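> I need the structure of the sequence given here:
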Amino acid sequence: MGHMLMRRAVADDIPAIVELLADDGLGRGRESVADLTPYRRAFEVVDLDPAQLLAVAEIDGVIVGTLQLTVIPGLSQRGRTRGLVEAVRIASARRGQGLGGELMRWVIAEARERGCSLVQLTSNATRGDAHRFYERLGFTPSHVGFKLEI
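Residues are numbered from 1 along each chain as shown. Have a look, this model is predicted:
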């Protein structure tokens, strides 16, 4: 297995990213690789926003992971800047090889470089394995998350 390379996503990566998003129990019900149009529109918005970093992980030219980092400046906690990590995925065939930990260590360093002093994320309440994974990395389940579809 080659070395994992992390990089900013480009438009040509959209099909592979959507495949990763759809590659689990929850994703299968909410993602569709049949029509990439909405993903292409969303990619343009994300890519133009300097507060966003949509990244992919590659091994030997094959995309094996993805995540999105959002840098959120704020006034609370004496002007603390937070890094919000979303849509963390590792290809199902590559899980259990330590790539998720490598991906997360990379994004934590990237957040620090962008001025963040806290990294936060939410994980669906049904994802027990993911919760244990994040806790092993030092994340604490400190808050209860709420969502409202509008």
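> So, low pLDDT: which residues of the protein?
For the chain, the stretches flagged by pLDDT under 70 are 1, 25-30.
> For it, which segments are assigned as helices?
For the chain, the helices defined by DSSP state H cover 14-22, 25-30, 37-48, 76-79, 99-113, 128-136.
> elements contacting the shortest one?
Packing partners of helix 76-79 (3 or more Cβ pairs under 8 Å, 6 or more residues apart in numbering; DSSP states H and E): none among the helices and strands. Bear in mind the C-beta positions are built from the backbone N, C-alpha and C, glycine included.
> Could you check how far that helix is from the centre of its chain?
When distances are taken as Cα atoms, centre = their mean, to the nearest Å, helix 76-79 is centred 25 Å away from the chain's centroid.
> for the first one, same thing?
Relative to its chain's centre, helix 14-22 lies at 12 Å (Cα atoms, centre = their mean).
> what helices or strands is it leaning on?
Checking 3+ Cβ pairs under 8 Å, 6+ apart, helix 14-22 ends up next to helix 37-48, strand 52-59, strand 62-72, strand 82-90.
> Would you mind putting these into a markdown table with mean neighbour count and distance to S123 alongside?
Output for those, formatted as a markdown table (neighbours: other Cβ atoms under 10 Å; distance: least, Cβ to Cβ, whole Å):
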| stretch | mean neighbour count | distance to S123 |
| --- | --- | --- |
| helix 37-48 | 12 | 21 |
| strand 52-59 | 20 | 18 |
| strand 62-72 | 19 | 12 |
| strand 82-90 | 19 | 9 |
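> and the closest residue to F133 other than its chain neighbours, what is it in contact with?
With Cβ to Cβ, 6 or more residues apart in numbering as the criterion, F133 has its nearest non-adjacent residue at 6.2 Å, and that residue is G100. Neighbouring residues of G100 by Cβ atoms under 8 Å, 6 or more residues apart in numbering: G65, V88, I90, F133.
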